[in-house]
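Engineer: Return atomic coordinates for the entry below.
(one chain, ligands or ions: 3)
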Amino acid sequence: MAKITIDNQDYEVKDNLTIFEACRQAGIILPALMYDDRLEPVASCELSVVEVEGEKELVNACTQIVSDGMRIQTQTERVKEARKKVLSSLLSAHPLDCEHCSTTTQCKLQIYCQEYEVTQPTETAKCKEYPLDERNPFYIINPNKCIACNLCVRVCNELQGVGALEMSEEGHVQRIITVECESCGNCIDICPVRAIIPRRFEEEYAQELAEQDKVQEVKEPRAVKTTCSYCGVGCQLELIVEQEKVVDVKPVKVPPNNGLLCVKGKFGHKYINHSSRLTTPLIKKDGKLVEATWEEAYELISKKFKEIKNKYGSAVFAGLSSAKITNEENFLFQKLVRTVFGTNNIDHCARL
Ligand code: SF4
Ligand code: SF4
Ligand code: SF4
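Structural biologist: Ligands and ions are numbered 1, 2, ... in the order given. Purely as a prediction, here's the structure:
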């Protein structure tokens, strides 16, 4: 363990932590645009610099390991000035169109620029106009917004194991045409400036919101944590809900997926809002299916099953379950079939 001070407060932390991690444990989140705790840290953005007593130069918190007795300052004027310079320099290669940018609330560069009151680039914007890469059916790459943090390239290479992205000679991200992208969308979720965006942001999303604006007050999006229902891995994700519609899915950094998804979990959510999806139980009355409450439906199901069980016994039942429900729901289902119906005739669609 190492005894350190951060902003004049004493802490005892594991001695293999970086300053960045030690600060985070202390509840101090340092700014960073090129850091992700799933990847080996590199100090390339230099936003997370801090002052360390006895060190002449500012220290990169992402890569520097703490040592016993270290005294760290995270908010001095010198530190703030250094961070401002980094942000101004990044703005030089980024379009200054925040007011019109559809990804505005999710861009860390904009958030930090506001926090550090940086409005002007170091040099006059030297951005060229690169064409959008719209080849993928699920996402669009906008090289003009890319700040060359390399995170998407690394997530694709090191975590997804695909290697479909690289940095171009001009210093922005590009697709490698010889490598097939899996459309997992993990590059989207790691990009700090939303230079890679789901297609719906540009198309349906804007259209839907414009239509909804006309008829009702716009509510803030909310995130609903849930489990992916596509396979037994059970990835943890957040459904982003706007105007009672699921508009996006974001991975959660917990086991088993630790912030990653596959194409199904990331993009396969349109069925949730589909107009022909059943949202209430239907009971056949006089030859026609009519909407019913869950209470009515359950009462009917249990009445019919009891009648069948009493007349023919348990062996006539079989329960066929689904990979589209969670492991816990599958467990409950087999328990229902075994203990209530009284049969071991239970199987799952993965083996049918
Ligand atoms: S969608 Fe997945 S596979 Fe495709 S470039 Fe992004 S991270 Fe790589
Ligand atoms: S596209 Fe985004 S994540 Fe990829 S290098 Fe550019 S800024 Fe970084
Ligand atoms: S995101 Fe993909 S791997 Fe994860 S649970 Fe869903 S379908 Fe399975």
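Engineer: report the longest helix in the chain, please.
Structural biologist: helix 294-312 (DSSP state H).
Engineer: I'd like the average pLDDT over it.
Structural biologist: Averaging pLDDT along helix 294-312 gives 97.
Engineer: which residues sit against it?
Structural biologist: Pro281, Ile283, Ala292, Val316, Phe317, Phe341, Gly342 (Cβ atoms under 8 Å, 6 or more residues apart in numbering). C-beta: built from backbone N, CA, C; applies to glycine.
Engineer: what does the model give Glu220 for pLDDT?
Structural biologist: In this model, Glu220 is scored at 79, pLDDT.
Engineer: shift numbering so it begins at 537
Structural biologist: Understood, numbering begins at 537; the last thing we discussed is Glu756.
Engineer: which one of the contacts of helix 830-848 is nearest ligand 3?
Structural biologist: Closest approach to ligand 3 among those (Cβ to the nearest ligand atom): Pro817, at 26.4 Å.
Engineer: Now do the closest residue to the closest one other than its chain neighbours against ligand 2, distance only.
Structural biologist: Excluding the flanking residues, the one nearest Pro817 by Cβ to Cβ, 6 or more residues apart in numbering is Ala833, at 3.6 Å. Distance of Ala833 to ligand 2, given as Cβ to the nearest ligand atom, to the nearest Å: 47 Å.
Engineer: Give me the mean pLDDT for the helix or strand hosting Glu557.
Structural biologist: Glu557 belongs to helix 555-561 when elements are defined using DSSP states H and E. If you average the pLDDT over helix 555-561, you get 95.
Engineer: Next secondary structure element downstream of that helix?
Structural biologist: Using DSSP H and E, the helix or strand that directly follows helix 555-561 along the chain is strand 585-588.
Engineer: Sheet partners, orientation included, of whichever helix or strand comes after that following strand?
Structural biologist: Using DSSP H and E, the helix or strand that follows strand 585-588 in sequence is strand 595-596. Applying DSSP bridges to the sheet, strand 595-596 is found paired with strand 585-588 (antiparallel).
Engineer: For the strand it pairs with, what is the distance to the chain centroid?
Structural biologist: 30 Å (Cα atoms, centre = their mean, to the nearest Å).
Engineer: hmm, who's touching it?
Structural biologist: 555, 559, 566, 594-597, 600, 606-610, 612, 614-615, 618-619.
Engineer: Please spell out the PyMOL selection for the buried subset of these.
Structural biologist: This is the PyMOL syntax for the buried subset of the contacts of strand 585-588, where burial follows 16 or more other Cβ atoms under 10 Å:
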select buried, resi 555+559+566+594+595+596+597+600+606+608+610+615+618+619
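Engineer: Contacting ligand 3 as well, which ones from the contacts of strand 585-588?
Structural biologist: Here nothing survives when these are matched to ligand 3 using Cβ under 6 Å from any ligand atom.
Engineer: domains of the protein?
Structural biologist: By the assignment in automatic domain parsing, the chain contains the domains 538-611, 634-738, 745-813, 818-887.
Engineer: mind giving me a markdown table with these and columns for distance to Leu626?
Structural biologist: Shown next, in a markdown table, are those (distance: least, Cβ to Cβ, whole Å):
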| stretch | distance to Leu626 |
| --- | --- |
| domain 538-611 | 7 |
| domain 634-738 | 5 |
| domain 745-813 | 24 |
| domain 818-887 | 42 |
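Engineer: Name all residues that make contact with Cys885.
Structural biologist: Contacts of Cys885 by Cβ under 8 Å, 6+ apart are Leu856, Ser857, Ser858, Ala859.
Engineer: where's the dip in pLDDT among these?
Structural biologist: Comparing the contacts of Cys885 by pLDDT, Ala859 comes last, at 80.
Engineer: Pretty sure it sits against Cys767.
Structural biologist: Yes: judged on Cβ atoms under 8 Å, Ala859 makes contact with Cys767 at a distance of 5.7 Å.
Engineer: Between the domains of the chain, which one is closest to ligand 1.
Structural biologist: domain 634-738 (3.2 Å).
Engineer: quick one: the closest one near ligand 3?
Structural biologist: No: on the criterion Cβ under 6 Å from any ligand atom, domain 634-738 is out of touch with ligand 3, staying 8.2 Å away.
Engineer: Quick check: which ranges of the stretch 637-786 of the chain have low pLDDT?
Structural biologist: 637-641, 659-664, 737-755 (pLDDT under 70).
Engineer: which residues of it fall in helices?
Structural biologist: 644-651, 687-690, 722-726, 735-738, 740-751 (DSSP state H, counting those that start in this stretch).
Engineer: Ala759: what's it in contact with?
Structural biologist: Glu774, Leu775, Ile776, Val777, Lys786.
Engineer: from these, which ones fall inside strands?
Structural biologist: Using DSSP state E, the members of the contacts of Ala759 that fall in strands are Glu774, Leu775, Ile776, Val777, Lys786.
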